[in-house]
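1. Return a 3D structure for these sequence lines:
(one chain, ligands or ions: 1)
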Amino acid sequence: MASHAQVLIVGAGFSGISLGRALRESKFTDFRILERGSDAGGVWRSNTYPGCRCDVPSHLYSFSFAPNPDWTSTYSPQPEIQDYLRRCLDRFGLRPHLRTAVEVEDARWDEDAQLWHVTTNTGTWTAQVLVSAVGPLTEPKLPDVPGIDRFKGTIMHSARWDHAHDLTGERVASIGTGASAIQYVPEIADRTGKLFVFQRSAPWITPHNKRLITDAERARFRARPLRQKIERGKAYVSKELLVLGFAKRPRLMGLLQTVARKHMERQVKDPALRRSLTPDFTLGCKRIVPSNTWYPALQKPGVEIVPQALREIREHSVIDAAGVEREVDTIIFATGFHVTDIPIADKIRGRDGELLSDAWAGSPRAYLGVSVPRFPNFFMFLGPNSGLGHSSMVYMIEAQTAHVKNAIRALDVSGSATIEVDQQAHDRYNTELDRKLATTVWETGGCQTFYRDANGRNATLYPDWTFTFRRNATRWKPDAYHLTPPAPRSQPRQPTTTADAS
Ligand code: NAP
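-> Predicted structure coming up:
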């Protein structure tokens, strides 16, 4: 017999916790959070690579309703963020709602019963509302290069770091130069015997203003919460100004590009090395990564930048795009995640059994990154075009939380069986997104990124001010959704299910 919850949330990261807290706050308690990991934390539980920290300021990268005066650094290290999320889980009374080590294998909309049937590795569930809070940076992506299965040494992905494996003295190939590699390469460069850093395209690196927060500052934040609010506000505004360059006037990116170029000139004296580290696209087209240690690490003895893609892997070696072979003991893939080919979309079937990934046909779209026509009573967090490359995703999550809470309330208060986004509202929203995307630096900056989907559309980023997104997401527009009453035959609440008493 299936367990039942009125709302089933998949994922216990920032999004799952945010929605859980919002539901409890509105006295709605019939929900469960299914988490495939052993604990809450999401990406901040699974990414533990050396040097992992958030490159968005700590006071901004946290819930507005749960400021943390105890951050030890202006940019928080991963263990502190995970700790913070665990504390939020407890503080908001969500622990009893959490089921860990439960992985969703399949979710199917049952038109007759007007319920979701959800199959997991530990049993089945039914739910009136299903919410995917799994996030876009969940499934590690390995490059499509031949020979990956043949390698006899150790392979790991940055998001699945093997801490039991000692890199000391080893010959290591590190593949990729995105935000993850830029954080861990400087941390391991002194330990490895030889470190080959494969750079398919050079990133723009800006100076990092990270520093420790003193005990006295923390005491002041505790005594005067307003001080921390002000810090948060300042961080928000400084990040938001980047939208001017990203989305409004891409030429403004030239100013920051000069800062990045000077940063490289200060840190890299060898002109040939500088040439190979200079990006060939406009800054902002890919995520801008702050680091004071990346360039120095690349110039350490034993570290070699390989300005090539990885082309092939053999039993004991890696081959670059120029055909040069290097023997290595370990390969670390910092090659990112399945972002636009959202893996959970292969598990969710809406009306007429249609898979979400089929409905998208390679180009994910949603209303406010949250809802999709023909997928009734289904919502997602950080879905298509609700991502950011410059500021706090927690801000977007809070806006989407308000939206999903309003939708669940509309369903509940009206006694309806289903709520489904209106096709025209969805289409209008996406037409407007496309119009705004067309002139962004992500389109005009001359780069290839994981932001693009299989059809080449940027399906990842939100191309406008984040406060505009929040305004749209938090103001409930009833016309954007259809509510339908229970079908006469159906018994939507709990026809063949039991409440989950565990
Ligand atoms: P990523 O940005 O997707 O970078 C993947 C890297 O792998 C790119 O440099 C890519 O090269 C390279 N690559 C892929 N296939 C390759 C091949 N065959 N040979 C050589 N290189 C190859 O991944 P990530 O660094 O894990 O970051 C992903 C996202 O996670 C970030 O954008 C960010 O949203 C998030 N993140 C955030 C933080 C934070 O501090 N907030 C930290 C880490 C990660 P190309 O550039 O040429 O495609």
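
2. can you list the residues of this protein near the ligand?
-> Residues of the chain found near the ligand (C-beta under 6 Å from any ligand atom) are 54-56, 137, 143, 145, 158, 175-181, 183, 198, 200-201, 287, 309-310, 334-337, 448, 450. C-betas here are computed from N, CA, C, even on glycine.

3. Run a quick neighbour tally on the spatially closest residue to Gly176 that is not a sequence neighbour.
-> Nearest non-adjacent residue to Gly176, counting by C-beta to C-beta, 6 or more residues apart in numbering: Ala334, 3.8 Å away. Counted with other C-beta atoms under 10 Å, residues neighbouring Ala334 total 24.

4. same check, this time on the one 5 residues further on
-> Residues near Val339, counting by other C-beta under 10 Å, number 23.

5. same deal with Pro96?
-> Quick note: Pro96 (other C-beta under 10 Å) scores 9 neighbours.

6. Over to the one 5 residues further on?
-> Burial measure for Ala101: 13 neighbouring residues, criterion other C-beta under 10 Å.

7. from now on call the first residue 158
-> All set: I'll call the first residue 158, so the last point we hit is now Ala258.

8. That one: what secondary structure?
-> When classified by DSSP: H, G, I helix; E, B strand; the rest coil, Ala258 comes out as coil.

9. Now name the helix or strand holding the closest residue to it other than its chain neighbours.
-> Excluding the flanking residues, the one nearest Ala258 by C-beta to C-beta, 6+ apart is Ser195, at 6.3 Å. Ser195 belongs to no helix or strand when elements are defined using DSSP states H and E.

10. now Ser195: how far from Ser203?
-> Between Ser195 and Ser203 the computed distance is 10 Å (C-beta to C-beta, to the nearest Å).

11. In terms of neighbours, single out the busier of the two.
-> Ser203 (19 against 9).

12. Return the subset of the residues of the chain next to the ligand lying in strands.
-> Those of the residues of the chain next to the ligand mapping onto strands are Ile332, Phe355, Leu467, per DSSP state E.

13. Have a look at the protein and report its longest helix.
-> With secondary structure taken from DSSP state H, the chain has its longest helix at helix 550-571.

14. Could you chop the chain up by domain?
-> Domain segmentation of the chain under automatic domain parsing yields 160-296+495-641, 305-368+375-490.

15. Output these as CSV; include the columns mean pLDDT.
-> Shown next, in CSV, are those (pLDDT from 0 to 100):
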stretch, mean pLDDT
domain 160-296+495-641, 97
domain 305-368+375-490, 97
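
16. deepest of those domains, which one?
-> domain 160-296+495-641 (a mean of 20; mean count of other C-beta atoms under 10 Å).

17. Quick one: end-to-end distance for it.
-> Using C-alpha to C-alpha, to the nearest Å, the end-to-end distance of domain 160-296+495-641 comes to 24 Å.

18. Equivalent analysis for stretch 574-584, please.
-> 24 Å.

19. repeat for stretch 544-552
-> Start-to-end span of stretch 544-552 (C-alpha to C-alpha) is 10 Å.

20. try stretch 187-201
-> 27 Å.

21. what's the offset of that stretch from the middle of its chain?
-> 15 Å (C-alpha atoms, centre = their mean, to the nearest Å).

22. just stretch 355-364 next, same as before
-> Computed by C-alpha atoms, centre = their mean, the chain-centroid distance of stretch 355-364 equals 20 Å.

23. ok, now stretch 332-350?
-> Taking mean C-alpha positions (C-alpha atoms, centre = their mean), stretch 332-350 and its chain are 21 Å apart.

24. likewise stretch 333-353?
-> Centroid displacement of stretch 333-353 relative to its chain, using C-alpha atoms, centre = their mean, is 22 Å.

25. now swap in stretch 241-256 and tell me
-> Between the centre of stretch 241-256 and the centre of its host chain there is 20 Å, according to C-alpha atoms, centre = their mean.

26. How about residues contacting that stretch?
-> Residues from elsewhere that reach stretch 241-256 (C-beta atoms under 8 Å, 6 or more residues apart in numbering): 169-171, 174, 177-178, 181-182, 186, 188-192, 196-199, 201-202, 219-220, 223, 225, 233, 279, 657, 659.

27. repeat for stretch 486-494
-> By C-beta under 8 Å, 6+ apart, the list of residues contacting stretch 486-494 from outside reads 293-300, 308, 310-316, 322, 324, 327-335, 337-338, 341, 470, 475, 607.

28. Between the two ends of that stretch, what distance do you get?
-> End-to-end for stretch 486-494, by C-alpha to C-alpha: 24 Å.

29. How about Met313, nearest residue that isn't a chain neighbour?
-> Counting by C-beta to C-beta, 6+ apart, the nearest residue to Met313 once its immediate chain neighbours are dropped is Asp319, at 4.8 Å.

30. and what of His365?
-> Distance criterion C-beta to C-beta, 6+ apart; nearest residue to His365, sequence neighbours excluded, is Pro447 at 4.0 Å.

31. surely that neighbour meets Ile362?
-> Yes. Using C-beta atoms under 8 Å, Pro447 is in contact with Ile362, at 7.2 Å.

32. so what pLDDT did the residue in the stretch 458-607 of the chain positioned nearest to the ligand get?
-> Residue nearest to the ligand within the stretch 458-607 of the chain: Gly493 (2.4 Å; C-beta to the nearest ligand atom). For Gly493, the model assigns a pLDDT of 98.
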